[in-house]
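Peer 1: predicted structure and sequence below. I'll ask about it afterward.
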Amino acid sequence: MKSRLLFWALALCSATVAADNYPTSLYVIGDATPAQWNSDDVVRMVTVEEGVYEYTGDFTEGRMRFVTTYDFAPGYGPAMATTVVGDNLNETYLDLTTGSHELEFRSDYTSPDKSFKVTAAGRYKFRVDLTGETPVVEVSDGTDQPDQWATNPEAVYAVGSATNAGWAIENSIALRETAFDSGIYQGSLYLNTADEGAELKFMVMQKWNNRMYVATAANTPVDATGEYDLKYTTSGDEDWKFIVGIEGLYDVTVDTKNLKMIISEPQDSYPEQLWLVGPAVGGWVFDNNKVLVSNDEEGVYSWTGDLAEGELKFFAGDNFGAVAYGAESNMTPLQEGILNVIMLSSDVDNKFNVLSDQVGNYTLILDLKAMTLNVDKNEGPSTGIDEAKVVDWVQESYGIVCDEARAMALYDISGRKVASVNDTLLPYDGLNAGVYVLVIETAQGRTTHKIAVR
């Protein structure tokens, strides 16, 4: 798998999707679908596994393609689409046939807009696979298969002054559906009463479009755990919020079939991974290279990489509305050893701080059961990312190939070097399957990448 990276983002021109960057969901849009060309009504596909999606449904004559969110881009269309739509040379289509078709990634509105044209109405099955060298869709006759049109979104989004997201819709906190089209959504929310009349409601998507679940009456108080009635509305006149009078971490369930919100004390569950964010790791951005992965022990996470001078803290999700963890007191120096960790809130935002003489390569182990952070500074050369450097490298079945490399090394998630060469080929000889940090040294500097070896 060829990976051409600008290390703050995946290069949009790449034909493949990096492992950890597959969209959570994929959707169908177009006038051949029930969604028509309404981006708020895109049809959700079933996520079969990471990077693989299926949908069986009824299609009329017209055009259709795939999108990764409630919008017209990013998305995927047929690579071989050449028939121009009207006089718009940027918009082309390919007649839909059963069989396999290569897909082309559309990064934004200026990229070529390619779609399939359904010439024979009927029920079709689509299976999109983004995991190979080239993304493909397999189209087959779906006449004898059930319609998979989901009537519920894959998440609802908590927003309001009672949450860490505030009223920033882009930071609204996703409560994920428990099963495909179940209509039941669950997650953990840190609720606060810092603002008088702290408000809470749930949006169907991360857009201000009045598709929301609200209270059945304005200013409904939430003063205890329990069950509360919900109302679905698309009317701004019914934008009735809950007024939260409890504070702390709670498990929240939104049942859209029975129109109930259930707030309960949190169970002993832990997130799959944590994000390390702050100037010490490149800024206040969520970078998939700055993720603490779960160890064999539940609730324990580790990361190895370079820390620059500046602040850092940890998030349980990839947005600023997620539950966050930091230091007992603000600007606690990140010294080696065991440091105490606390859950942060809207009025407690204590960060760890890397001082100028502490800059270097570290292994961090965060234990959410003991609420401690084990800080271990590694010896040896830095594995820091040169943000402006672009490097071509290829991950083959037998190893890593990089023509620009002077040296390469692999580290396991504990920070231990497991393989190294002063060459352009780093073989996998004797390497166990797992997740590793790849360090490439070129004439311009060093770069790091997280890779999976299978």
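Peer 2: Received, thanks.

Peer 1: from here on, just use CA atoms for contacts and neighbour counts.
Peer 2: Fine.

Peer 1: name the residue most distant from the centre of the chain?
Peer 2: Largest separation from the mean C-alpha position in the chain: Asp87, at 37.2 Å (C-alpha atoms, centre = their mean).

Peer 1: quick one, phi/psi of that one?
Peer 2: As for Asp87, its main-chain torsions (degrees, to the nearest 10) stand at phi -110, psi 20.

Peer 1: check Ala452 too.
Peer 2: phi -110, psi 130.

Peer 1: one more: Val418?
Peer 2: According to degrees, to the nearest 10, Val418 has phi -110, psi -10.

Peer 1: now it: how far from Tyr325?
Peer 2: From Val418 across to Tyr325, the span is 31 Å (C-alpha to C-alpha, to the nearest Å).

Peer 1: of the two, which one has the most company?
Peer 2: Neighbour comparison, Val418 and Tyr325: the larger count goes to Tyr325, with 25 against 14 (by other C-alpha atoms under 10 Å).

Peer 1: packing partners for whichever strand or helix holds that one?
Peer 2: Using DSSP states H and E, Tyr325 maps to strand 324-327. Under the contact criterion of 3 or more C-alpha pairs under 8 Å, 6 or more residues apart in numbering; DSSP states H and E, strand 324-327 touches strand 310-315, strand 337-343.

Peer 1: relative to Ala370, which of these is closest?
Peer 2: Ala370 lies closest, by C-alpha to C-alpha, to one member of the helices and strands packed on strand 324-327: strand 337-343, at 8.6 Å.

Peer 1: for Phe315, name its beta-bridge partners.
Peer 2: Per DSSP bridges, the residues bridged to Phe315 are Trp275, Ala324.

Peer 1: list the contacts of Asp318.
Peer 2: Residues counted as contacts of Asp318 (C-alpha atoms under 8 Å, 6 or more residues apart in numbering) are 275, 286.

Peer 1: got the phi and psi for it?
Peer 2: Dihedral angles (degrees, to the nearest 10) for Asp318: phi -90, psi 40.

Peer 1: pick the most deeply packed of the helices and strands packed on strand 324-327.
Peer 2: strand 310-315 (a mean of 24; mean count of other C-alpha atoms under 10 Å).

Peer 1: kindly export that strand (C-alpha atoms) in PDB.
Peer 2: The C-alpha trace of strand 310-315 is given here as PDB (Å, rounded to 0.1, in the frame of the first residue of the first chain):
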ATOM      1  CA  GLY A 310       4.200  23.200  25.300                       C
ATOM      2  CA  GLU A 311       0.900  21.900  26.800                       C
ATOM      3  CA  LEU A 312      -0.900  18.700  26.300                       C
ATOM      4  CA  LYS A 313      -4.000  16.800  27.500                       C
ATOM      5  CA  PHE A 314      -5.900  13.700  26.500                       C
ATOM      6  CA  PHE A 315      -9.400  13.200  24.900                       C
END
